[in-house]
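Novice: Sequence first, predicted coordinates after that:
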Amino acid sequence: MNDLKADDKLLSRLQSFQKNALLIGVAGFVLLAIGYFLESETFFISYLIGWVFWMQVALGGLLLLLIQNTIGGRWGVIVQRLAEAATATLPLLAALFLVIVVGIPHLYHWAHADAVAHDALLQAKAPYLNVPFFLVRAIIYFAIWIGAATLLRNWSAQLDQAPDDENIRKKLRNLSSPGILIFGFTVTFASIDWMMSLEPHWYSTIYGMSFGVSAMTSGFAFLIVVLMRMIKYKPWNTLVKTLDVSDLGNWLLASVMLWAYLLFSQFLIIWAADLPEETTWYLARTAGGWQWIAIGNVALHFFLPFFFLLVRGTKKAPARLCKVAAFVLLMRFVDLIWMIMPAFSPGKLAIPWLSVVAVIAIGGLFMAIFLQQITRSNFLPSYDSRLPIHDATEEVSSHAH
């Protein structure tokens, strides 16, 4: 339907942004290649930080689609096509994972046979923590995520052509409902493999859940930033209501609160147990300067967004909500540095400049594919009856400035 098409000005800007993103991504990877020779000790660590950041954004988009197809809601319809575009980057991220595969000996202590031979705990974990099984699990994760995302996108596109096809709607529900559970399992094990096993002597039963919630937070923050930047253009300016914007703000608030609750619960349990093998993870992150990053993370990743998002005016004003969401994304990057870097620099603050290069380089390619995807089809699913295509009220374009 023409009501769901973007105006020519928006399409032109998106195509320009896509070209610039691709150029930034290519230039970033050239700089990364140079950095490999200049900072070989921190190259793979930095790359892991940047890669996980964008992986969480893509996974957050996938989780949003699974939730939307399960429980519905107009808020989800508004960002559905954007979430689908975010999941279209998963094949790219799977290909970029090959750099981490090359860096396994540099990242994971358990990958060294001599280290395992002299460590009883690593020997006990060897049936799980070994390179071949690590790679097999990664292939399984990506196959599940990419397969689910592809099916959800294809079926959604088919419904645009046949909106009354109940068989397709049933397929979406049948995949999405158990898909949330499968998503939880795969994300949990992936977080153990890629991040928690950086310190194989330490473990947390909450770690996987906090990784999934972090992905949800990153996904919502990213989609809000994109939507709020386009809200003054057609079709958003007549279809997105103040209520929709508020609902997205509420979801972001809920995800930030859940993220903080899980991390506090993990800290409280470990602090109460006071076991040396469990407290080492926090000791490495609360000394030598890392404590200031930890304090800043709590204050700026939770308290600041929490109080801003509690204010109704923030969630009704696209420009303000966009700034809050962008700040949450920035703090997601800081949080990943705090979680990953102390495994290699315990008790000594060290933030490699290559981590910034990595997040920009990977982000450039991510955005190029994302923008290409959203310009290839209708910006909104025309088949959804919850979308008031012909009778939109409460326009929010006046708030965009």
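Specialist: Done, it's in.
Novice: Where do the strands of the stretch 1-150 of the chain begin and end?
Specialist: Applying DSSP state E, counting those that start in this stretch to the stretch 1-150 of the chain gives no strands.
Novice: Pass me the low-pLDDT residue ranges in it, would you?
Specialist: For the stretch 1-150 of the chain, applying pLDDT under 70 flags the ranges 1-6.
Novice: if you set the cut-off to 50 instead, what comes out?
Specialist: For the stretch 1-150 of the chain, the stretches flagged by pLDDT under 50 are 1-2.
Novice: Which stretches in it count as helices?
Specialist: Shown for the stretch 1-150 of the chain, the helices assigned by DSSP state H, counting those that start in this stretch span residues 8-38, 40-71, 74-87, 90-102, 104-107, 113-117, 120-125, 131-161.
Novice: got the angle for the first one vs helix 40-71?
Specialist: This means helix 8-38. Counting by axes from the mean of the first three to the mean of the last three Cα atoms, to 10 degrees, helix 8-38 lies at 150 degrees to helix 40-71.
Novice: the inter-axis angle of helix 8-38 versus helix 90-102?
Specialist: Going by the same axes, to 10 degrees, helix 8-38 makes 10 degrees with helix 90-102.
Novice: same thing with the longest one?
Specialist: Computed with the same axes, to 10 degrees, the direction of helix 40-71 lies at 150 degrees from that of helix 90-102.
Novice: how deep is Val328 tucked in, by neighbour count?
Specialist: Applying other Cβ atoms under 10 Å, we find 27 residues neighbouring Val328. For the C-beta atoms, the positions are set from N, CA and C on the backbone; glycine is no exception.
Novice: again, but for Asn167
Specialist: With other Cβ under 10 Å as criterion, Asn167 counts 9.
Novice: Kindly report the same for Pro132.
Specialist: Per other Cβ under 10 Å, the neighbour tally for Pro132 reads 7.
Novice: still on that earlier bit, got JSON lines for the helices of the stretch 1-150 of the chain, with distance to Ala221 too?
Specialist: Output for the helices of the stretch 1-150 of the chain, formatted as JSON lines (distance: least, Cβ to Cβ, whole Å):
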{"stretch": "helix 8-38", "distance to Ala221": "18"}
{"stretch": "helix 40-71", "distance to Ala221": "8"}
{"stretch": "helix 74-87", "distance to Ala221": "12"}
{"stretch": "helix 90-102", "distance to Ala221": "18"}
{"stretch": "helix 104-107", "distance to Ala221": "27"}
{"stretch": "helix 113-117", "distance to Ala221": "38"}
{"stretch": "helix 120-125", "distance to Ala221": "34"}
{"stretch": "helix 131-161", "distance to Ala221": "19"}
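Novice: Kindly state which of those helices is positioned closest to Trp202.
Specialist: helix 120-125 (10.3 Å; Cβ to Cβ).
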